[in-house]
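Undergrad: Could you look at this predicted model? Sequence included:
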Amino acid sequence: MNSIIKPLSVIGLLLCAYTVTSQETLDFVPEVYTSSEPTCVFYQGEFNGLISIPRSQSIVSKMASSGSCSNFIVTYNGFTPEAEAAFQFAVDIWSTSIISSQPIRVAAEFSPLAPGVLGSAGSNSAFTSNNPNAVPNVFYARALWEKIEDMESDAFGGVTTDINASFSSTANWYYGLDANPPANQIDFVSVVLHELGHGLGFFGGASVDGTGEGEIRFNNVPIIYDTFIENGTDDAILSFTDPSVALGDQLTGNDLFCNSAIAIGQNGNVSPRMFAPGTWNQGSSYSHWNEATFNGTINSLMTPQIGPGEANHNPGPITLGLFEQMGWSICGGTLTVEEFDLASVNVSPNPFMSAITIKITNGFSNDYNLELIDINGRLVLNESKTAVNGEITLSNLDRLTNALYFLKLTDTTSGQSITKKIVKN
Ligand SMILES: [Zn+2]
């Protein structure tokens, strides 16, 4: 594993001499995770058309009323005023998405990076926790650890930065805040939002070396993210010998999924696919959602590439679902899977002839987007509707060919969606 060097930092050496500066104390010495490899090296992708995923309505209202749920403190180095303003906009989206009692300290650099690299970021180390709300013997990204422990982690070596992030000062950036970059520019807000997502905990410990040997644990300890990854036959990634070539094969088998129940609930009861291409790509593989599955969707933020003309200002329901499962609390309340899952949505009649009625048991009068997709993946109907006491009617369906269809219902406020099979006859 010579290509992946994960030295114990000086932080570890200072652990036995730490002092706690806040009024809180910790009668527990955490294990410390450090890595010399950035969690993410975010590359510019190809132009895939103009794609604009705006902020959710609830984030727009919270930002307008300063209704933040966490406090980010950013140290800017080398930023232009417009880059700093766009960065702050991305920070405000996260601070109205997740809850922490502790300040989240970000060190942000704006400087030339390698060609094609837009940015890179990671948590400044990670710690284990013996808190009753934490899983024992797994590492938590520093900002998440502080949230769970309800205290700062400065004590460990005197370092205060939670997230380190670097952004290219030479990329062709779009600094607008409206999620509408032109076809030749990269949306800076989206890239910052993505990198902060990694810093908040969207990363695992996996790597594969030149001999095909895969490794996940650091000092025999995995990261909380690793505990939610499994392959297509439900074998946990942590069940494979670590390190081993068999594990390397799993990490490069294009068959990894997230088994977080909340993320699955946010993905129409389908396990979200992870990016696990046949060739290991350090900084892209494993710690992203699959590009091909989620490109252009509300869940595209944490995919490994972003093209010019593409913007996503929504952390995305599956990312927030995984975050909630990992220990974050979601600003505005829990992602209530029960209120909007397959069991709570009833479509009748099914089979149908000319009309269907969709009943959502929460009874809310929310706005929904309805898409009807045929078995060849073609979109045959796309309508926006407002539910009346949880009920929506779709009529004039006579023109459809008799066949099986997938009805995808998306709550346009929360971004949650579910898909039902329906039959026309
Ligand atoms: Zn990334």
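TA: It's in.

Undergrad: residue ranges with poor pLDDT in the protein?
TA: 1-26, 36, 157-158, 334-344, 361-365, 375-377, 413-416 (pLDDT under 70).

Undergrad: what about the residue in it positioned nearest to the ion, how many residues close to it?
TA: Going by C-beta to the ion, the ion is nearest to Cys40 of the chain, at 3.0 Å. No exception for glycine: its C-beta is placed from N, CA and C like everyone else's. When neighbours are defined as other C-beta atoms under 10 Å, Cys40 has 26 of them.

Undergrad: State the number of residues packed around Asn425.
TA: If you count neighbours by other C-beta under 10 Å, Asn425 ends up with 9.

Undergrad: Thr170 now?
TA: When neighbours are counted by other C-beta under 10 Å, Thr170 registers 10.

Undergrad: Spit out the contact partners of the closest residue to it other than its chain neighbours.
TA: Once flanking residues are discounted, Thr170 sits nearest to Pro112: 5.1 Å by C-beta to C-beta, 6 or more residues apart in numbering. Pro112 is in contact with 168-170, counting by C-beta atoms under 8 Å, 6 or more residues apart in numbering.

Undergrad: Then Asp235?
TA: For Asp235, the contacting residues are Gln250, by C-beta under 8 Å, 6+ apart.

Undergrad: can you tell me the helix or strand for the closest residue to Tyr225 other than its chain neighbours?
TA: Distance criterion C-beta to C-beta, 6+ apart; nearest residue to Tyr225, sequence neighbours excluded, is Gly204 at 4.3 Å. Under the criterion of DSSP states H and E, Gly204 resides outside all helices and strands.

Undergrad: Now do the same contact list for Gly204.
TA: Contacts of Gly204 (C-beta under 8 Å, 6+ apart): 216, 222-223, 225-226, 229, 286-287.

Undergrad: JSON lines please, covering the residues you listed and showing neighbour count and secondary structure.
TA: Shown next, in JSON lines, are the contacts of Gly204 (neighbours: other C-beta atoms under 10 Å; DSSP: H, G, I helix; E, B strand; the rest coil):
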{"residue": "Ile216", "neighbour count": "22", "secondary structure": "coil"}
{"residue": "Pro222", "neighbour count": "22", "secondary structure": "coil"}
{"residue": "Ile223", "neighbour count": "25", "secondary structure": "strand"}
{"residue": "Tyr225", "neighbour count": "27", "secondary structure": "helix"}
{"residue": "Asp226", "neighbour count": "22", "secondary structure": "helix"}
{"residue": "Ile229", "neighbour count": "24", "secondary structure": "strand"}
{"residue": "Tyr286", "neighbour count": "30", "secondary structure": "coil"}
{"residue": "Ser287", "neighbour count": "24", "secondary structure": "coil"}
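
Undergrad: restrict the residues you listed to those near the ion?
TA: The subset of those within reach of the ion, by C-beta under 5 Å from the ion, is empty.

Undergrad: Other residues contacting the helix ranked longest in the chain?
TA: In the chain, assigned by DSSP state H, the helix with the most residues is helix 81-95. Helix 81-95 has contacts (C-beta under 8 Å, 6+ apart) with 55, 59, 63, 68-72, 74, 76, 79, 104, 106, 108, 110, 167, 169, 173, 175-177, 188-190, 192-193, 196-197, 200, 313-315, 331.

Undergrad: In a helix, Ser120, correct?
TA: No. Looking at Ser120 with DSSP: H, G, I helix; E, B strand; the rest coil, it is strand, so not inside a helix.

Undergrad: Could you check how far it is from Phe167?
TA: In this view, Ser120 and Phe167 are 8 Å apart by C-beta to C-beta, to the nearest Å.

Undergrad: which neighbours do those two share?
TA: Contacts common to Ser120 and Phe167, judged by C-beta under 8 Å, 6+ apart, are 113, 195.

Undergrad: ok so, going back, so what does the residue nearest to Tyr225 look like in phi/psi?
TA: Main-chain dihedrals, Gly204, degrees, to the nearest 10: phi -120, psi -180.

Undergrad: what's near enough to touch the residue positioned nearest the centre of the chain?
TA: Closest residue to the average C-alpha location of the chain: Thr319 at 3.2 Å, with C-alpha atoms, centre = their mean. For Thr319, the contacting residues are 197, 202, 263, 289, 299, 301-302, by C-beta under 8 Å, 6+ apart.

Undergrad: Give me the three-state assignment for it.
TA: Quick answer, by three-state DSSP: Thr319 is helix.

Undergrad: Show me which residues of this protein are close to the ion?
TA: So far as C-beta under 5 Å from the ion goes, the chain lies against the ion at 40, 42.

Undergrad: one more time with 8 Å
TA: 39-42, 121, 194-195, 197-198, 202, 283-284, 287-288, 302, 304 (C-beta under 8 Å from the ion).

Undergrad: These in helices, which ones?
TA: Judged by DSSP H, the residues of the chain next to the ion include 194-195, 197-198 as members of helices.

Undergrad: Strands along the stretch 101-250 of the chain, start to end?
TA: 104-111, 117-123, 126-127, 140-141, 163-168, 173-174, 186-187, 207-208, 214-215, 229-231 (DSSP state E, counting those that start in this stretch).

Undergrad: Pipe these into CSV and attach distance to Pro243 per row.
TA: CSV is the format used below for the strands of the stretch 101-250 of the chain (distance: least, C-beta to C-beta, whole Å):
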stretch, distance to Pro243
strand 104-111, 31
strand 117-123, 21
strand 126-127, 19
strand 140-141, 22
strand 163-168, 26
strand 173-174, 39
strand 186-187, 36
strand 207-208, 9
strand 214-215, 4
strand 229-231, 16
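
Undergrad: Wait, a strand at Val322?
TA: For the record, residue 322 is Leu, not Val. No. Secondary structure of Leu322 (three-state DSSP): helix, not part of a strand.

Undergrad: contacting residues for Asn290?
TA: 272-276, 303.

Undergrad: most neighbours, which of these?
TA: Pro272 (27 neighbours).

Undergrad: picking up where we left off before, from the contacts of Asn290, which is closest to Thr293?
TA: Arg273 (4.7 Å; C-beta to C-beta).

Undergrad: how near is the closest one to Met63?
TA: In terms of C-beta to C-beta, Arg273 sits 31 Å off from Met63.

Undergrad: got it, and Pro81?
TA: Going from Pro81 to Met63 by C-beta to C-beta gives 20 Å.

Undergrad: same deal with Leu193?
TA: 13 Å.
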